[in-house]
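Asks: I'd like to go over a predicted model; first the sequence, then the structure.
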Amino acid sequence: MPAARGLFHRAVVQSGPALRASEPAAATDLAERLLAHLGLGSGQLAELRALPHARLTEALETMPPPPGDPSRPWPMRGAGLLLRPVVDGRHLPAHPFEPAAAPSAADVPLMIGTNKDEAALFLAGDPRRRRLTDEELVERLTPMLGERRDEILAVYRAQRPDDTPWDLLIGIASEGTRLASIQLAERKAAGGPAPVYLYLFTWESDHFGGLFKSAHGLEIPFVFDHPDAAPMTGTSPERYRLAEIMSRAWAAFAHPERRATMLFDVSCRVEDDPRREERLAWRGMALRR
């Protein structure tokens, strides 16, 4: 958003590579169908605002699918994600990273990454979890990979010879998020001049016998150095060391290098690292305060 320029000096995108926003026509269609499902008209803005958030969430989960769109399971995984920013030509003049990175954030450094087993979270409730057969794996991958199914599956089997069909399903189903993150990073780097950094979270939790592996969302308690805040992090003592490492890495990335300082006087101004040489002269000295 051009209006947000200057408000952020660093950005971190965790497992959320949004290359595109919603087109106005699609957003309008969603709004009209959601209002109809709620029994509201387009002029009842006050009633819409008064709805409890739980009712809005329920409506998103239970509303019928778009007509003529049998290609996607419904309700969609996390139907709340249907409510997204819209390319309105004003507040959001273009898609963030499609076909290229928007220029408004070209000078903002970015760190972006995903978790190795993103899809493990969304597949954890599958009745065939950990018991999937090779035949069922092929069946599951057909709508996802189409005519390239056998070619792609062969690569994963060669690279992961010890993986079960269930492991392979998780690995392949997780790849879309990682590839989109890489594509976003490439487009951001091409839009220069700010640097772009990639990460991949690979640590696996032992929660529920390792069911979640390196699932979507697992990195969040580690980033904030609170591994005990979420049961999904498991019981391994290693999690405390990982949380320390990750939280420090995120803090170091966010820490401003410019040392921008507001100088208050009759004429105020911002100056990067004022009196730098004098500050550096004190390096190594113990401050007695």
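Replies: Okay, I see it.
Asks: could you measure residue 202 against residue 114, distance?
Replies: The gap separating residue 202 from residue 114 is 10 Å, by CB to CB, to the nearest Å. In this view, the C-beta of every residue, glycine as well, is placed from N, C-alpha and C.
Asks: got any residues that touch both of these two?
Replies: Common contact partners of residue 202 and residue 114 (CB atoms under 8 Å, 6 or more residues apart in numbering): none.
Asks: okay, these two: which has more neighbours?
Replies: Set residue 202 next to residue 114 and count neighbours by other CB atoms under 10 Å: residue 114 wins out with 27 against 10.
Asks: surely the more buried one meets residue 198?
Replies: No: the pair residue 114 / residue 198 is not scored as a contact, 9.2 Å apart, by CB atoms under 8 Å.
Asks: Skipping adjacent residues, who's closest to residue 187 in space?
Replies: By the measure of CB to CB, 6 or more residues apart in numbering, the closest residue to residue 187 outside its immediate chain neighbours is residue 101, 4.6 Å from it.
Asks: what do you get for residue 87?
Replies: Leaving aside its sequence neighbours, residue 87 sits nearest to residue 21 (CB to CB, 6+ apart; 5.0 Å).
Asks: Check residue 33 too.
Replies: The shortest distance from residue 33 to any non-neighbouring residue, by CB to CB, 6+ apart, is to residue 63 (6.2 Å).
Asks: wait, doesn't the one you found sit right on residue 34?
Replies: Yes: taking contacts as CB under 8 Å, residue 63 lies within contact range of residue 34: 6.1 Å.
Asks: So which elements touch the top helix by length along the chain?
Replies: With secondary structure taken from DSSP state H, the chain has its longest helix at helix 165-190. On a contact count with 3 or more CB pairs under 8 Å, 6 or more residues apart in numbering; DSSP states H and E, helix 165-190 meets strand 110-115, helix 120-123, helix 134-145, helix 149-159, strand 196-201.
Asks: Kindly recompute the last result at 10 Å.
Replies: Secondary-structure packing of helix 165-190 (3 or more CB pairs under 10 Å, 6 or more residues apart in numbering; DSSP states H and E): strand 11-14, strand 110-115, helix 120-123, helix 134-145, helix 149-159, strand 196-201.
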